[in-house]
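**Student:** Here you go, sequence then predicted model.
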Amino acid sequence: MSTLKHIAIAGNIGAGKTTLTEMLSKHYGWDTQYEDTSTNPYLSDFYEDMHRWSFNLQIYFLNSRYQQVIDIRNGLNTVVQDRTIYEDAHIFAPNLHDMHLMSSRDFANYIELFRLMSSQVAPPDLLIYLRSGIPKLVHHIHTRGRDYEGNMSLDYLKKLNERYEQWISKYNEGNLLVINNDNLDFKNNPEDFGTIIEKVDAEIHGLFTK
C-alpha cells in the first residue's frame, strides 16, 4: 500500500462516530464524509413509521454510501468516513427484516443491490469499530436530543448491538481496529483521545510495513 485513502468509523447509533470522525480529521488533516442525516428525506418518516419507510431509507443510505466510496477512491486526499456501506447490509436491513419492518421481497431486492455495489468498490484501508454498551449509547442519544430519535426503543438498540458484534467478529474485508468506548470520553478528555491516536498510529504504521 503506497497511499492511505479511506478510513471508516463504524458503530451503533450514539456510539460517537461523528465526533470521532471530526476529531480524527482535525488531528490528521484528513477530509471527511458524513452520514447524511440532515438532508435525508426519509429519516424522520422512518422513525414515525418504520414498516412503511424502511426500504426507502435503506436504499437511500446504500446509494449515498456507495457514491461516497467512489468519491473517496477517485479523490486525491485521505478521507475518514462516518459509517460504512457494510453496516446497512449486515446490521440495519437484516434487523428490520427480522423485526418484520421490511418485507422479504424488499429485503431480497436490497441485498442484491448491495452485493452488486459492494463488488465494485474497495473496502476501507482501515475500519475503526467503536464498541459501546447500551447505557453509553442511550446517554449519547439523549444528550444530542435529535427529535427523530425520540421514538427509538431500547429493544431496537439492543438488537442492533448484537448484530454489530456478530458482524465485527467475522469482518475480513480489511484491516480492523476495535476501540472499547464505554470507559472513554475522547470528546472531553485529551488523554482518552490520545489513547485512540496511539492505536490509530500503530495501525497506520502497520499498513505501510505490510
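**Tutor:** Cool, got the structure.
**Student:** And the contacts of stretch 56-65?
**Tutor:** Applying Cβ atoms under 8 Å, 6 or more residues apart in numbering, the external contacts of stretch 56-65 come out as 35-36, 40-43, 46, 81, 83-85, 88-89, 92-93, 96, 102, 110, 113-114, 117. For every residue, glycine as well, the C-beta is placed using N, CA and C.
**Student:** what residues are up against the residue nearest the centre of the chain?
**Tutor:** The centroid of the chain falls nearest to Arg83 when counting by Cα atoms, centre = their mean (2.3 Å). Contact analysis of Arg83 by Cβ under 8 Å, 6+ apart lists Ala8, Ile9, Ala10, Gly11, Lys17, Glu35, Arg65.
**Student:** Same question for stretch 125-142: list its buried residues.
**Tutor:** For stretch 125-142, the neighbour count (16 or more other Cβ atoms under 10 Å) marks 125-132, 136-138, 140-141 as buried.
**Student:** picking that back up, tell me the buried residues within the contacts of stretch 56-65.
**Tutor:** Neighbour-count burial (16+ other Cβ under 10 Å) applied to the contacts of stretch 56-65 gives 35-36, 40, 42-43, 46, 81, 83-85, 88-89, 92-93, 96, 102, 110, 113-114, 117.
**Student:** What strand or helix carries Leu113?
**Tutor:** Following DSSP states H and E, one finds Leu113 within helix 104-118.
**Student:** List the buried residues of that helix.
**Tutor:** Residues of helix 104-118 classed as buried by neighbour count (16+ other Cβ under 10 Å): Asp106, Phe107, Tyr110, Leu113, Phe114, Met117, Ser118.
**Student:** Next: stretch 19-35.
**Tutor:** Buried residues in stretch 19-35, counting neighbours by 16+ other Cβ under 10 Å, are found at Thr19, Leu20, Thr21, Met23, Leu24, Ser25, Trp30, Gln33, Glu35.
**Student:** distance of the third one from Tyr86?
**Tutor:** Applying Cβ to Cβ, to the nearest Å, the value for Thr21 to Tyr86 is 16 Å.
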